[in-house]
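**Q** fold the following.
(one chain, ligands or ions: 1)
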Amino acid sequence: MTARKIVFSGIQPTGDFHLGNYIGAVKRWVADQALHDNIFCIVDLHAITLYQDPNVLRAKIRQAAGVLLACGIDPQKSLLFVQSQVSAHPELTWLLNCVTPIGWLERMTQYKDKAAKQESVSTGLLDYPVLMASDILLYQTDYVPVGEDQKQHIELTRDIAQRFNNLYGETFALPEGIFPKVGARIMGLDDPTVKMSKSIATDQKHHAVGLLDSPDQVWSVLKRATTDSGKEIVFSDAPSKAGVNNLLTIYQALTDQTQIEIEKHFEGKLYGALKREVADVIIETLAPIQTRYNELMQDARALDAILQSSAEQAAARAAPTLRKAKEHMGFV
Ligand code: TRP
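**A** Numbering: from 1, shown residues only. Predicted coordinates:
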């Protein structure tokens with residue numbers, strides 16, 4: 001057997017998981033668990049680069065872990081842990097800070113965007129990409145699946161790794177970013193021209209379906225979903241059909257039927273029926289996830305014990321690389 005590739009994913013514990021995250025990412029992670037050596041990290045240390053209410057953060061970290069486990073991430077097959085519980089992450093960050101020119105960080109577009117919105121910018125916000133580099137480099141990661149917006153951070157990670165390796169000798173593997181295809185994208189239900197997003201969902205009630213939404217909430221979003229003034233229920237790239245196409249894409253992702261089967265199924269039906277049927281497959285998909293989630297959340301101690309044990313495994317996997325980095329730098 002050839003060695004499985006190490007795939008590292010970082011997940012922000014802010015905002016709520018929605019259907020776009022599930023179809024675009026989580027569903028595939030679950031399906032690919034046997035294929036790759038998957039590492040899922042809930043990046044709570046990244047979250048605090050912008051102020052988080054402590055009680056909200058605490059709840060969101062457990063919620064993110066609970067949702068991922070409920071969706072089928074299996075701690076026997078994948079590593080799923082909370083970043084702040086593995087001190088190798090901030091520890092390596094310090095070492096990498098010392099080889100990272102400040103100009104590299106000031107150039108990051110995400111930093112510039114976020115900083116422009118703040119009155120006072122924390123050192124952590126500037127340092128965010130170095131923490132991200134540490135996450136990735138600690139595990140000798142091969143692949144990092146991320147959105148296009150993270151491309152610059154992945155390139156920076158490679159630059160930092162290369163600079164460290166040049167200065168101190170071969171220490172880190174150079175990771176590669178993987179960027180999901182456009183086809184896997186679920187668009188906003190209120191506005192099918194933008195990708196379904198956590199931040200928009202916080203402000204726009206009818207933008208997304210949350211994975212923990214009740215059947216009534218699902219229907220309330222679906223029945224308002226943007227369609228068009230026509231009546232054809234077909235897959236289409238035409239901008240005017242973006243809403244209908246998005247509904248069909250959701251239906252296809254959740255039923256695993258072919259486009260031809262689906263178009264045939266909806267032939268002659270009205271948009272109202274399409275919305276109802278899409279809502280029903282969403283509700284059916286979410287029901288077992290929510291049942292499992294509620295079970296997990298009822299026993300916070302058991303959940304914390306799962307996380308504790310994963311954090312220990314993550315620490316053990318990170319340790320050799322951290323030790324090597326420290327040795328190479330000259331620590332005793
Ligand atoms: N910056 C990433 C995002 O906002 C989250 C993240 C943190 C991450 N550490 C990571 C992603 C390591 C991939 C690998 O999406």
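**Q** following the helix or strand of the chain with the lowest mean pLDDT, which helix or strand shows up next?
**A** In the chain, the helix or strand scored least confidently by mean pLDDT, DSSP states H and E is helix 198-203, which has a mean of 84. Where DSSP states H and E defines the elements, the next helix or strand beyond helix 198-203 is helix 215-222.
**Q** now for that next one, which elements pack on it?
**A** Helices and strands touching helix 215-222, by 3 or more C-beta pairs under 8 Å, 6 or more residues apart in numbering; DSSP states H and E, are helix 271-298. Placement of C-beta: from N, CA and C, glycine included.
**Q** what angle do the helix it packs on and helix 215-222 make?
**A** Computed by axes from the mean of the first three to the mean of the last three C-alpha atoms, to 10 degrees, the angle separating helix 271-298 from helix 215-222 equals 140 degrees.
**Q** could you list the buried residues of the next helix-or-strand element following helix 271-298?
**A** The helix or strand immediately downstream of helix 271-298 is helix 300-329, counting by DSSP H and E. Residues 303, 306-307, 310-311, 314-315, 317-318, 321-322, 325, 328 are the ones in helix 300-329 that count as buried (16 or more other C-beta atoms under 10 Å).
**Q** need the mean per-residue confidence for helix 300-329.
**A** For helix 300-329, mean pLDDT rounds to 97.
**Q** sorry, back to before: would you turn the buried residues of helix 300-329 into TSV with distance to the ligand?
**A** Formatted as TSV, the buried residues of helix 300-329 follow (distance: C-beta to the nearest ligand atom, whole Å):
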residue	distance to the ligand
Leu303	22
Ile306	21
Leu307	17
Ser310	16
Ala311	16
Ala314	13
Ala315	17
Arg317	15
Ala318	13
Thr321	15
Leu322	16
Ala325	17
His328	22
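**Q** so who does the residue of the chain found nearest the ligand touch?
**A** Closest approach between the chain and the ligand, counting by C-beta to the nearest ligand atom: Gly10, at 2.3 Å. Counting by C-beta atoms under 8 Å, 6 or more residues apart in numbering, Gly10 makes contact with 41, 43, 46, 83, 132, 135, 146.
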